[in-house]
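> this one's sequence-less:
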Ligand SMILES: NC(=O)CC(=O)C(=O)O
């Protein structure tokens with residue numbers, strides 16, 4: 001808790017120019033696997049397996065999957081397709097596959113998201129596996145997708161899902177990665193906290209829709225990247241125009257100047273692209289935003305860190 005001698009803001013203040021940790025690798029290939037999702041869960045798992053193997057064979061050291069890749073994206077399906085990730089094994093065939101592949105292929109996997117059952121609650125959860133096959137982090141979507149755009153789209157994830165309570169930043173063999181799921185990208189403070197904690201890359205598995213997709217998908221990714229001067233990767237399911245929820249697609253990698261480095265349309269695709277972390281420091285030297293922030297006028301407060309002190 002905050003002591004009386006220092007204000008809450010002073011205690012939780014995030015230094016504007018936290019030194020960037022030295023990443024374990026400077027350059028590597030990331031694969032964004034924009035895959036089709038069907039009502040057949042076994043097929044979805046086998047299909048994701050196949051695409052991850054293909055990506056690794058092409059040299060990917062980090063593979064990113066879409067939001068809700070083992071199930072259709074619907075409140076009716078979440079309870080039916082949900083897995084008990086903590087129980088593992090047969091209780092979570094989707095994450096068992098990711099764990100096995102990350103170990104066998106010696107790659108890091110940011111495993112999109114799947115519906116997770118934990119006791120009597122359901123979450124929209126992303127699992128990160130290291131090259132040893134171990135679960136390094138689990139991010140439960142913090143901001144549930146409850147929106148109502150009249151005549152366009154209404155969706156209420158909170159009908160079935162519970163929101164996560166923790167930002168997730170993880171040290172992997174391919175750098176320090178901050179995780180968000182889809183709607184989490186709308187909330188700039190989450191990305192700012194990750195940047196302040198030294199993230200090199202933000203990964204957002206997402207399934208934007210046909211209204212917010214064209215308006216916000218690329219804009220938000222570029223905004224998060226340019227504001228925080230880091231890489232931002234997104235991965236969507238491929239579009240199925242006949243599905244109840246139609247995904248926008250357009251999985252993308254954005255660089256630390258806000259530049260789109262690679263993207264695609266809405267069909268199935270594996271986007272393979274190089275990340276060069278040496279650009280992070282270069283861009284931050286050219287454009288010293290982090291040093292120039294006016295901490296005397298405004299500050300970012302890391303409430304989670306403050307509460308754990
Ligand atoms: N699945 C989502 O969270 C979708 C979303 O954020 C959107 O804007 O579309």
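Sure, I can see it. Quantities reported herein were computed from a predicted structural model and do not represent experimental measurements.
> Every contact and neighbour count from this point should use C-alpha atoms.
Will do.
> can you list the residues that contact stretch 244-251?
32, 34, 72-74, 207-210, 213-214, 233-240, 263-267, 271 (CA atoms under 8 Å, 6 or more residues apart in numbering).
> burial measure for the residue nearest to residue 272 when sequence neighbours are not counted, as a count.
Closest residue to residue 272 apart from its sequence neighbours, by CA to CA, 6 or more residues apart in numbering: residue 31 at 4.5 Å. Counted by other CA atoms under 10 Å, the residues lying close to residue 31 total 28.
> what's the first-to-last distance across stretch 63-76?
28 Å (CA to CA, to the nearest Å).
> Filtering the contacts of stretch 244-251 by proximity to the ligand, which remain?
207-209 (CA under 6 Å from any ligand atom).
> from the residues you listed, which single one is nearest the ligand?
Nearest to the ligand among those is residue 208, at 3.2 Å by CA to the nearest ligand atom.
> surely the closest one meets residue 182?
Yes. Judged on CA atoms under 8 Å, residue 208 makes contact with residue 182 at a distance of 7.0 Å.
> Near the ligand, which residues of this protein are found?
So far as CA under 6 Å from any ligand atom goes, the chain lies against the ligand at 145, 182-183, 206-209, 212.
> about what we covered before: partners of the helix or strand containing the residue nearest to residue 272 in the sheet?
Secondary structure from DSSP states H and E places residue 31 in strand 27-34. The strands beside strand 27-34 in its sheet (DSSP bridges) come out as strand 60-64 (parallel), strand 269-276 (antiparallel).
> Deepest in the core, which of the ones you listed is it.
Compared across these, strand 60-64 shows the largest average neighbour count, a mean of 26 (mean count of other CA atoms under 10 Å).
> what about that one, distance to the chain center?
Counting by CA atoms, centre = their mean, to the nearest Å, strand 60-64 is centred 13 Å from the centre of its parent chain.
> who wins for neighbours among the residues of the chain next to the ligand?
residue 207 (30 neighbours).
> From residue 76, how far off is it?
Residue 207 sits 17 Å away from residue 76, going by CA to CA.
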